[in-house]
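[1] sequence and predicted model, in that order:
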Amino acid sequence: MRVRFAPSPTGALHIGGARTALFNWLLARGNGGKLVLRIEDTDRERSTDENVAQILDALEWLGIDWDEGPISQRSLEQRHREVLAQLEADGLAYRSTATGDDVRAWKEVNGSARGFRGEPEAEGALRLRVPDEGETVVRDAVRGEARFAHRHLDDPVIARADGTPLYNLAVAIDDLDEGITHVVRGEDHLSNTPKQVLVLEALGAEPPIYAHLPLLHGPDGKKLSKRHGAASVQELRDAGYLPEAVLNYIALLGAGYDTDQEIFTVGELQERFDLARVSRSPAVFDERKLRHVNGLYLRNLDLPDLTARLERFTGREGIAQAVAISAEKIQRLDEFEPLAGFLFGDPVEDPKAFAKVFGKAESVEALKACREALVAIEGEFSQDAVESALAPIPERLELGAGKVYQPLRVAISGTTISPGIFESVAVLGRDLTLARVDSTLGSLSADGLPA
RNA sequence: GCCGCUAUCGUCUAGGGGACUAGGACGCCGCCCUCUCACGGCGGAAACCGGGGUUCGAAUCCCCGUAGCGGUACCA
C-alpha cells in the first residue's frame, strides 16, 4: 500500500487539509503502508518554498510524518514532457487553441450537457481525447462508485500551450510512477477524478483507489474560512491547543470509530481507522468541542510536561508553582496567563470586580481579618499554614466563605477569578500578599468605597 | 444552465430491514459539589428533509422532489 498526500502549497495548513493529511497518515500507518508526500505546484504563478515550509511545520507539530518526499511536481517536468509527446503521437491527445469561451460557444450549439470535443490543430494547449461512448467509473472507498458518462465530459486540457503540464496530468503520471495505491483527498477533487482516470487509462494503467473526504464547513454551513476564527493548524497552535488534542478531534470529524469512546491514542486511531467508516456528508468544525477535548488532554498532562509547554507558550520561566495550582482550571494554554498572571506579574486591572466585591463595610472588615491572620503566621508561609490561618475567619465573622475570600482574592489578583485562594496566597508569598492587601485597604474608606 | 456528491438532535456522530420508547459526545437548561472560575456528579429539552414505492415490517433498500455542497480554468 502506497498512500499519497498532496497539499497545494498555499501557505497555512487548512484544518481540512490537516484532516486529509491525518487520514492519509492513519491509513498508511495502520496498514504498514508508505506515505508519500507530494507538492502540487504545477501552478506557474505561485511561489512555493515558503508555503511548503509552513505546511511541513504544521505537519510536524501535529506529529504527522511521511516516508518519502516532499517531492515537487515541478521537478518532474522532463517526465511530463515525454508522456505528453507520447499521448499526442498516439493520437490520444491533440492540440487545440480553443479557449473557455470557445467551449461555452460550442455548448450553445451542441447542448450544455454535451462535453466539448475539439478538432486537432497545429498549435495550442494539449487536450485529452475523451471517447464519445461509455463512462468512467471512479471507485471511491468512502462513496462507492461515482459514474461519469463520457458524453458529458469535456476533452480536458492536460498541458498549456508552452508544454507545461496541468494538475490533472501531473498527478495521474505521478500516481502511476510512484505506484500509488490510495489517494485520499477532499471532495472538491471528485469531479476532477475522471480526467485523471482517463489519463491513466490512456497510459494503459490501472487507477488507484480513491477516497474523497467531505469538506469542512464553518458554523454557518459555509466553507470553513478565516472569518470563522481559527481555520488553520497554525492558528490553532497559537490559540493554545495541544497537538494531540487537535489530532484526536480532527480524527473524529467526519468519521465514527466507536459508539461510546471519543478519546483515542494515536495507536488506537491507526488501528481503528477505516475509509469505509468515513462520513460522506460535510462536517462542521466546532471549536467548542475541540476546546472540550483539549481540556481533557490538558488535565491529563503531568505537571512537568504542562509546565514545559506553558513556558514555551508564554515565553516565561519559573512558573511551575503557578502552573501547579492552575492546571485543573484551564482548557487551553492561552488561558493560563489571564488566570494566574498575577502570581508572577502585576494584578489584573478590573475596576468592575473591585466595585462588585467591595462596596460594603463587611468586605473591608473581612479583608482586615484576613490580613491579621496572615501576619500571625509563624514559620513557613505554606498552603497549609495559610489555610489554617484563614479557615476560621468566616465563622468568626459570621459571614459566608465567599464574602470573606472574594475581597482577598480581588486584593491580590485584581479580579474575581483565580486559582484557589489558599494556594494563590501561598504561592504569591507573604510579602507580596500583604503589600497588595495593604495597597487595597489604603485605597478604600471604612465603608468599602474608594477613598 | 450542465455534471457530480450529500441529507439522523443546534453541532460531531451510532445505526447498515425487526434489538429504536432512535444511543453517545459537545453545547444548552436545571439541580448538586463549591472560596471565585473551572472540573466532576445527577437530571432534562433536543433529530430520522418531503412524497411515493419494496416488504409482514423501513432511520436503514429503490424512485421522485427539495435543499446544501462541489465541479464546470491553458488553477490546484
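    Yep, that arrived. Numbers count the residues shown, from 1 in each chain, chains lettered A, B, ... in the order given.

[2] how near is the residue nearest the centre of chain A to RNA strand B?
    Geometric centre of chain A, nearest residue: A:V233, 3.5 Å, by Cα atoms, centre = their mean. According to Cβ to the nearest atom of the strand, to the nearest Å, A:V233 stands 17 Å off from RNA strand B. C-beta coordinates here come from the backbone N, C-alpha and C atoms, glycine included.

[3] which SS state does A:T20 fall under?
    helix (DSSP: H, G, I helix; E, B strand; the rest coil).

[4] that one - how many residues pack around it?
    The local packing of A:T20 (other Cβ atoms under 10 Å) involves 23 other residues.

[5] how distant is the helix or strand of chain A with the lowest mean pLDDT from the center of its chain?
    In chain A, no helix or strand scores lower on mean pLDDT, DSSP states H and E than helix A:351-357, which sits at a mean of 85. Distance, stretch centre to chain centre, for helix A:351-357: 38 Å (Cα atoms, centre = their mean, to the nearest Å).

[6] packing partners for it?
    Counting contacts by 3 or more Cβ pairs under 8 Å, 6 or more residues apart in numbering; DSSP states H and E, helix A:351-357 packs against helix A:401-413.

[7] can you name the next helix or strand after the helix it packs on?
    Sequence order places helix A:421-428 as the next helix or strand after helix A:401-413, per DSSP states H and E.

[8] what pLDDT, on average, does that next one get?
    Across helix A:421-428, the average pLDDT comes to 96.

[9] now do that helix against helix A:401-413, angle only.
    20 degrees (axes from the mean of the first three to the mean of the last three Cα atoms, to 10 degrees).

[10] which other residues reach helix A:421-428?
    A:321-322, A:325, A:342-343, A:374, A:381-383, A:385-387, A:390, A:405, A:408-409, A:412-413, A:418-419, A:433, A:436 (Cβ atoms under 8 Å, 6 or more residues apart in numbering).

[11] can you select the buried ones among those for me in ChimeraX?
    Here is the ChimeraX selection string for the buried members of the contacts of helix A:421-428, based on 16 or more other Cβ atoms under 10 Å:
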select /A:321,322,325,342,343,374,381,383,385,386,390,405,408,409,412,413,418,419,433,436
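
[12] ok, and of the contacts of helix A:421-428, which contact RNA strand B?
    A:405, A:409, A:418-419 (Cβ under 7 Å from any atom of the strand).

[13] helices of the stretch 251-400 of chain A, start to end?
    In the stretch 251-400 of chain A, helices defined by DSSP state H, counting those that start in this stretch lie at A:266-272, A:287-300, A:303-314, A:320-326, A:336-340, A:351-357, A:361-375, A:383-390, A:393-397, listed in chain order.

[14] lowest-confidence stretch among those?
    helix A:351-357 (a mean of 85).

[15] just the residues contacting it, thanks.
    A:363, A:406-407, A:409-410, A:414-416.

[16] just the buried ones from those residues?
    Buried among those by 16+ other Cβ under 10 Å: A:363, A:406-407, A:409-410, A:414-415.

[17] quick one: contacts for the residue nearest to the centre of chain A?
    A:12-15, A:18, A:58, A:61-62, A:246.

[18] as CSV, these with secondary structure would be great.
    Below are the contacts of A:V233 laid out as CSV (three-state DSSP):
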residue, secondary structure
A:A12, coil
A:L13, coil
A:H14, strand
A:I15, helix
A:A18, helix
A:A58, helix
A:W61, helix
A:L62, helix
A:V246, helix
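
[19] now these in JSON lines, with neighbour count, pLDDT and distance to RNA strand B?
    Below are the contacts of A:V233 laid out as JSON lines (neighbours: other Cβ atoms under 10 Å; pLDDT from 0 to 100; distance: Cβ to the nearest atom of the strand, whole Å):
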{"residue": "A:A12", "neighbour count": "17", "pLDDT": "89", "distance to RNA strand B": "14"}
{"residue": "A:L13", "neighbour count": "26", "pLDDT": "93", "distance to RNA strand B": "13"}
{"residue": "A:H14", "neighbour count": "24", "pLDDT": "93", "distance to RNA strand B": "12"}
{"residue": "A:I15", "neighbour count": "24", "pLDDT": "94", "distance to RNA strand B": "12"}
{"residue": "A:A18", "neighbour count": "25", "pLDDT": "96", "distance to RNA strand B": "15"}
{"residue": "A:A58", "neighbour count": "24", "pLDDT": "96", "distance to RNA strand B": "16"}
{"residue": "A:W61", "neighbour count": "17", "pLDDT": "97", "distance to RNA strand B": "22"}
{"residue": "A:L62", "neighbour count": "21", "pLDDT": "97", "distance to RNA strand B": "18"}
{"residue": "A:V246", "neighbour count": "24", "pLDDT": "97", "distance to RNA strand B": "14"}
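
[20] how about the residues you listed in TSV, adding distance to A:R185?
    Conversion of these to TSV gives the following (distance: Cβ to Cβ, whole Å):
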residue	distance to A:R185
A:A12	18
A:L13	14
A:H14	13
A:I15	15
A:A18	13
A:A58	17
A:W61	21
A:L62	18
A:V246	20
